[in-house]
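Undergrad: Just a sequence and a predicted model for now, questions to come.
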Amino acid sequence: GAVVSQHPSWVICKSGTSVKIECRSLDFQATTMFWYRQFPKQSLMLMATSNEGSKATYEQGVEKDKFLINHASLTLSTLTVTSAHPEDSSFYICSARGMGTTSYEQYFGPGTRLTVT
Amino acid sequence: AQSVAQPEDQVNVAEGNPLTVKCTYSVSGNPYLFWYVQYPNRGLQFLLKYITGDNLVKGSYGFEAEFNKSQTSFHLKKPSALVSDSALYFCAVRDSQGTGGFKTIFGAGTRLFVKA
């Protein structure tokens, strides 16, 4: 139980285009989802926290207009990187917490590697 | 503000020997503590957590961790390392009082290398 999936697992896009990453909780309802960014050989940096049906809360230094987060349902959150640049290339990981799971437990997706050329 | 420190970038151990991966933390209230493992190009896998109760917590794959409140530490241990344990390990903390907004903060990670 408590499986989180991400799609795509790997995406390459051209500079200036937008790319959408999906995060789904497969067997539980995720009231809260988190989006992290991980650079090579570095830790996870929390980008934003989203609660179903409300606007995401972005961490300091994260551009909300560039990283659009939508959490429209209890099983799906999306991260859209708009007008991507090579410096946006990174490993993006989502995590979910919600009803039916202990509130302090988070379950992580497998990650999406974004390469912007 | 809450924080997590993993003082070692890499830990090297021979297969069959005990291993320790260190973690210290700082929170305002009582901590919720976690260890995760990450394999290359993969997401994080949960190993174990401390919420309350016994200071020694047992988790997946034979790992355990000891919560030490006085030293604000939560070191990860395993009595006998396997080559397959080689991976990146993250310690994480969350403030039970919610002063950090119930956010989970991750350490920088420690790469464990187990040599056959």
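TA: Perfect, thanks for sending it. Numbering: from 1, shown residues only, chains lettered A, B, ... in the order given.
Undergrad: Next, count neighbours for the closest residue to residue B:111 other than its chain neighbours.
TA: In space, and not counting its chain neighbours, residue B:111 is closest to residue B:10: 4.6 Å by CB to CB, 6 or more residues apart in numbering or on different chains. To be clear about C-beta, it is placed using only N, CA and C from the backbone, and glycine gets the same treatment. Look at residue B:10: counted by other CB atoms under 10 Å in any protein chain shown, it has 10 neighbours.
Undergrad: Which of the helices and strands in chain A ranks last by mean pLDDT?
TA: The least trusted helix or strand in chain A, going by mean pLDDT, DSSP states H and E, turns out to be strand A:90-99, with a mean of 86.
Undergrad: Give the pairing partners of that strand; include direction for each.
TA: The pairing partners recorded for strand A:90-99 under DSSP bridges are strand A:29-38 (antiparallel), strand A:107-108 (antiparallel), strand A:112-116 (antiparallel).
Undergrad: buried set for the longest one?
TA: So the one you mean is strand A:29-38. Within strand A:29-38, the residues that count as buried by 16 or more other CB atoms under 10 Å in any protein chain shown are A:30, A:31, A:32, A:33, A:34, A:35, A:36, A:37, A:38.
Undergrad: How many residues are close by the nearest residue to residue A:110 once chain neighbours are set aside?
TA: Excluding its sequence neighbours, the residue lying closest to residue A:110 (CB to CB, 6+ apart) is residue B:43, at 4.2 Å. Other residues within reach of residue B:43, judged by other CB under 10 Å, total 24.
Undergrad: Any idea what residue A:13 is bridged to?
TA: For residue A:13, the beta-bridge partners under DSSP bridges are residue A:116.
Undergrad: thinking again about what came up before, using JSON lines, lay out the strands paired with strand A:90-99 together with mean pLDDT.
TA: Below are these laid out as JSON lines (pLDDT from 0 to 100):
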{"stretch": "strand A:29-38", "mean pLDDT": "90"}
{"stretch": "strand A:107-108", "mean pLDDT": "88"}
{"stretch": "strand A:112-116", "mean pLDDT": "95"}
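Undergrad: wait, doesn't the residue nearest to residue B:111 sit right on residue B:109?
TA: No. Applying CB atoms under 8 Å as the test, residue B:10 and residue B:109 come out as separate, 9.8 Å apart.
Undergrad: The worst-scoring helix or strand of chain B on mean pLDDT near chain A at all?
TA: When the helices and strands of chain B are scored by mean pLDDT, DSSP H and E, strand B:104-106 comes last with a mean of 86. Yes. Shown here: strand B:104-106 in contact with chain A (CB under 8 Å from any CB of the partner chain) through B:104, B:105, B:106.
Undergrad: what lines up beside that strand in the sheet?
TA: Partners of strand B:104-106, by DSSP bridges, with direction: strand B:87-95 (antiparallel).
Undergrad: got a list of contacts for the strand it pairs with?
TA: If you take CB atoms under 8 Å, 6 or more residues apart in numbering or on different chains as the criterion, strand B:87-95 is touched by A:43-44, A:104, B:2-4, B:6, B:21, B:23, B:25-39, B:44, B:47, B:74, B:76, B:100, B:102-107, B:109-112.
Undergrad: Can you show me the CA trace of that strand as CSV?
TA: Written as CSV, here are the backbone C-alpha positions of strand B:87-95 (Å, rounded to 0.1, in the frame of the first residue of the first chain):
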residue,chain,number,x,y,z
ALA,B,87,23.3,3.7,-1.6
LEU,B,88,22.6,7.3,-0.5
TYR,B,89,21.0,7.7,2.9
PHE,B,90,19.0,10.6,4.1
CYS,B,91,18.1,11.6,7.6
ALA,B,92,15.0,13.8,8.0
VAL,B,93,13.3,15.6,10.8
ARG,B,94,9.9,17.1,11.3
ASP,B,95,8.9,19.3,14.3
